[in-house]
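Asks: Everything below, folded, please.
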Amino acid sequence: MLDHSPPLIAPAASRYRPATQYGAIQSVTIELTAGGEPAAVPESAKAAILLCLAYWYENRGDMPAAVGMPSGAKLLLDLLSTGAYW
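Replies: As a prediction, this is how the structure comes out:
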């Protein structure tokens, strides 16, 4: 069970917080463990992932921000959205 919904990223209270340089690339690394049973992932989410991967592969010479997400994948993910992040 999550302590907060939607989940938040924050430094652990008992951990050392490294100094960072504003605007520096890779100044902080976040390790994420997400999981559960693969069977629990909705089929529409799996289809959206495959659509994105194929689209990004076909457009791999373009800048990712310019390419964006294919509209079909966005529609599939919108159906799963709880509105927690937007």
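
Asks: Relative to Gly68, how far out is Leu79?
Replies: Distance of Leu79 to Gly68, given as Cβ to Cβ, to the nearest Å: 19 Å. Heads up, the C-betas are built off the backbone N, CA and C, glycines and all.

Asks: okay, the two: which has more neighbours?
Replies: Remark: of Leu79 and Gly68, Gly68 carries more neighbours, 14 against 11, as counted by other Cβ atoms under 10 Å.

Asks: what pLDDT does that one get?
Replies: According to the prediction, Gly68 has pLDDT 85.

Asks: Can you name the residues that contact it?
Replies: By Cβ atoms under 8 Å, 6 or more residues apart in numbering, no residues touch Gly68.

Asks: just the one 4 residues further on next, same as before
Replies: Taking Cβ under 8 Å, 6+ apart as the definition of contact, the neighbours of Gly72 are 48, 51.
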